[in-house]
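Provided below for reference: sequence and predicted model.
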Amino acid sequence: MQYFVKSGNAEKQRVACVVVGIFDRRHPTDAANAIDTASNGAIAGILRRGDLDGKLGQILVVHNVPGVFCDRVMLVGLGRERNFGEAEFRAAQLSAAKALLTTGSIDAVTYLTHLQVKGRDYQWNVQQATLSAEGAFYRFDYCRGEKSRAELQDPKLERVTFDVPRRSDLAAGDRGLREACGISRGVRVAKDLGNLPANICTPAHLAKQAQDLGKQYPIKVKILEEPQMRELRMNALLAVASGSRQPPKLIVMEYMRGPKGEKPIALVGKGVTFDAGGISIKPAAKLDEMKFDMCGAASVIGAIAAAAEMQLPLNIVGIVPATENLPDGQAVKPGDIVTTMAGLTVEILNTDAEGRLILCDALTYVAQTYDPATCIDVATLTGACVIALGHQASGLFSNQTGLARQLLAAGECVGDRAWEMPLWEEYQAQLKSEFADVANIGGREAGSITAASFLHRFTRKLRWAHLD
């Protein structure tokens, strides 16, 4: 798909489809009014007849509108004007993008980027419109057979142009488009990795994908193998890997394009490519979804790809501990005690609480190797967090108030929200072990908080945040 930014008149567009918005109570936007004037009231007639009432996400495609040059006009409902905000803007953009794929249009110009969103500019408008389009257009066909792929029809849509009100807004729109294209590159990398089945997306495959990115971008990649992990005493990570025939990998990606000598930002992603729970085996229902337990790793690899695509002037390190968690005769057992890279001993009371075990060694590696300015780990760590927050937000834990606020603001900006959870010292009491320095679980109560508290044991000297 090709994307462009321009500034023009809606009624004079010589394209297959023009996209304009309608608020409820039959309040057209300026672009819709321009088409209405050129067509001697065609849009007003549609609204008067009740063919469209402006509810958010509602779509009506009108063909051969008199007085305009385009083949089709797509009217998009925007909801109540007084309630129109960031979420409504994204919803309207997503509905329009999905509908464009069904029109048979080769190209389209959208005027939804003219919409005013409080506190946002046209750079943000174009960025979010592009990201919404990319989300709607994404398709995963890697695992389909040749015949099945051949039967799938590719969408005819080839070009989407985002219009801005004035020529003076073009620079801001172009910046938003460049940002969105870079972000979308990283999102596609992450989605593709997450959607792959576990028999393909093994720890070795994750390592290979990182190495391939190193060939495309200025990213230095090194892979630590099991012998090197043993030398570093990463016994928590190795304990999780002990039940798998797939060798674990510690993937290190260095994107160093910031000031020389400046401490890097460290991103750490949980890379359990399949999680059966180990000896504490999971129930069979939805076990196929445990291929997604490496989405923290996919997010980190995608973030590094996006930074490189945008040529950000930053120093960023991405660390991915990758392994499977399976039951086996050599698998770690409930009650086993291991010594982590940090020297703390851990009693593994539940082998299905494995994400924190591989992350604690990875976080220690980051602290000792890079002394980062900021460290953020990303993990599908606990079902308890989904119970607490649903699928609408990630749980955010941090030992620095300023960092937490920055991450919350970043999430609001792109519509990927988080909610800050407590990290009080009182929760550490639940991790007490009778036989080791710490237990890897803290009971049923506050499961996501005790998981974060476990990781905090290894990050007290870091400016650190954890996203669950």
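Perfect, I can see it now.

Could you list the low-confidence segments of the stretch 151-300 of the chain?
Along the stretch 151-300 of the chain, segments meeting pLDDT under 70 span 151.

What ranges does it have for its strands?
159-163, 220-224, 249-256, 265-269, 271-275 (DSSP state E, counting those that start in this stretch).

how big is the angle separating the fourth one from strand 249-256?
Angle between the axes of strand 265-269 and strand 249-256 is 150 degrees (criterion: axes from the mean of the first three to the mean of the last three CA atoms, to 10 degrees).

re earlier: between the strands of the stretch 151-300 of the chain, which one is closest to A409.
Closest of the strands of the stretch 151-300 of the chain to A409 is strand 265-269, at 16.1 Å (criterion: CB to CB). No exception for glycine: its C-beta is placed from N, CA and C like everyone else's.

and the strands of the stretch 151-300 of the chain as JSON lines, adding distance to S453?
Listed next are these as JSON lines, based on distance: least, CB to CB, whole Å:
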{"stretch": "strand 159-163", "distance to S453": "45"}
{"stretch": "strand 220-224", "distance to S453": "27"}
{"stretch": "strand 249-256", "distance to S453": "24"}
{"stretch": "strand 265-269", "distance to S453": "17"}
{"stretch": "strand 271-275", "distance to S453": "20"}
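
do you know which of those strands lies nearest V68?
Closest to V68 of the strands of the stretch 151-300 of the chain is strand 159-163 (CB to CB; 14.4 Å).

Could you give the separation of that closest one from the chain centroid?
Averaging C-alpha positions (CA atoms, centre = their mean, to the nearest Å) puts strand 159-163 24 Å from its chain's average.

And stretch 411-431, by the same measure?
Remark: stretch 411-431 is offset 18 Å from the chain centroid, using CA atoms, centre = their mean.

So what touches it?
Here stretch 411-431 makes contact (CB atoms under 8 Å, 6 or more residues apart in numbering) with 86-87, 90, 124, 128, 131, 183, 388-389, 392-399, 404, 407-408, 438-443, 445-446, 448-450, 452-454, 456-457, 467.

for this protein, what's the longest helix?
Ranked by number of residues, the top helix in the chain under DSSP state H is helix 170-195.

Please point out which parts of it sit buried.
For helix 170-195, burial by neighbour count (16 or more other CB atoms under 10 Å) applies to 172-195.

now swap in stretch 108-122 and tell me
Going by neighbour count (16+ other CB under 10 Å), the buried part of stretch 108-122 is 108-115, 117, 120, 122.

Widest-spaced pair of the residues you listed?
The distance between the two most remote of those (CB to CB) is 22.4 Å, for A108 and R120.

Could you report the neighbour count for K6?
13 (other CB atoms under 10 Å).

Apart from its neighbours in sequence, what residue is nearest it?
T161 (5.5 Å; CB to CB, 6 or more residues apart in numbering).

Could you report the distance from that neighbour to A38?
The spacing between T161 and A38, counted by CB to CB, to the nearest Å, is 19 Å.

Quick one: the helices in this structure, in order.
For the chain, applying DSSP H gives helices covering 30-38, 42-49, 86-100, 122-137, 146-151, 170-195, 203-216, 226-231, 235-241, 295-309, 355-370, 383-389, 401-414, 447-456.

wait, what's in contact with the closest residue to K263 other than its chain neighbours?
In space, and not counting its chain neighbours, K263 is closest to A373: 3.9 Å by CB to CB, 6+ apart. By CB under 8 Å, 6+ apart, the residues touching A373 are 262-265, 463.

Would you mind checking those for buried ones?
For the contacts of A373, buried by 16+ other CB under 10 Å: 264-265, 463.

any chance of those residues in JSON lines, plus distance to P422?
Output for these, formatted as JSON lines (distance: CB to CB, whole Å):
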{"residue": "P264", "distance to P422": "28"}
{"residue": "I265", "distance to P422": "25"}
{"residue": "R463", "distance to P422": "18"}
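
what's the strand of greatest length in the chain packed up against?
Ordering each strand of the chain by length in residues (DSSP state E) puts strand 315-325 first. Contact here means 3 or more CB pairs under 8 Å, 6 or more residues apart in numbering; DSSP states H and E; on that basis strand 315-325 packs against helix 203-216, helix 235-241, strand 249-256, strand 265-269, strand 271-275, helix 295-309, helix 355-370.

out of the ones you listed, which comes closest to D336?
helix 235-241 (6.9 Å).

Residues contacting that closest one, please?
Contacts for helix 235-241 (CB under 8 Å, 6+ apart): 226, 229-230, 247-248, 250, 272, 278, 321, 323-325, 332, 336, 338-341, 346, 348, 351, 354, 357-358, 360-362.

do that again at 7 Å, thanks
Helix 235-241 is contacted from outside by 226, 229-230, 248, 321, 323, 325, 332, 336, 338-340, 346, 348, 354, 357-358, 360-361, using CB atoms under 7 Å, 6 or more residues apart in numbering.

Count the neighbours of the closest residue in space to L314 that isn't next to it in sequence for me.
Sequence neighbours aside, G258 is the residue nearest to L314 in space, at 4.5 Å (criterion: CB to CB, 6+ apart). G258 has 16 neighbours, counted by other CB under 10 Å.

picking up where we left off before, what would the contacts of A373 look like in a markdown table with distance to D293?
What follows is the contacts of A373, written out as a markdown table (distance: CB to CB, whole Å):
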| residue | distance to D293 |
| --- | --- |
| E262 | 33 |
| K263 | 30 |
| P264 | 26 |
| I265 | 24 |
| R463 | 27 |
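
Closest one to G8 out of these, please.
Proximity of those to G8 (CB to CB) peaks at I265, which lies at 40.1 Å.

residues touching the closest one, list them.
By CB under 7 Å, 6+ apart, the contact set of I265 is 314-316, 372-374.

By neighbour count, sort out the buried ones in those.
Neighbour-count burial (16+ other CB under 10 Å) applied to these gives 315-316, 372, 374.

So which of the residues you listed is the closest to H63?
Nearest to H63 among the buried ones among the contacts of I265, with distances taken as CB to CB, is I316, at 48.7 Å.

how close does S242 sit to S148?
According to CB to CB, S242 and S148 sit 38 Å apart.

So those two - more neighbours on which side?
Neighbours of S242 and S148, each counted by other CB under 10 Å, are more numerous for S242; the result is 22 against 10.

Alright, that wraps it up for me.
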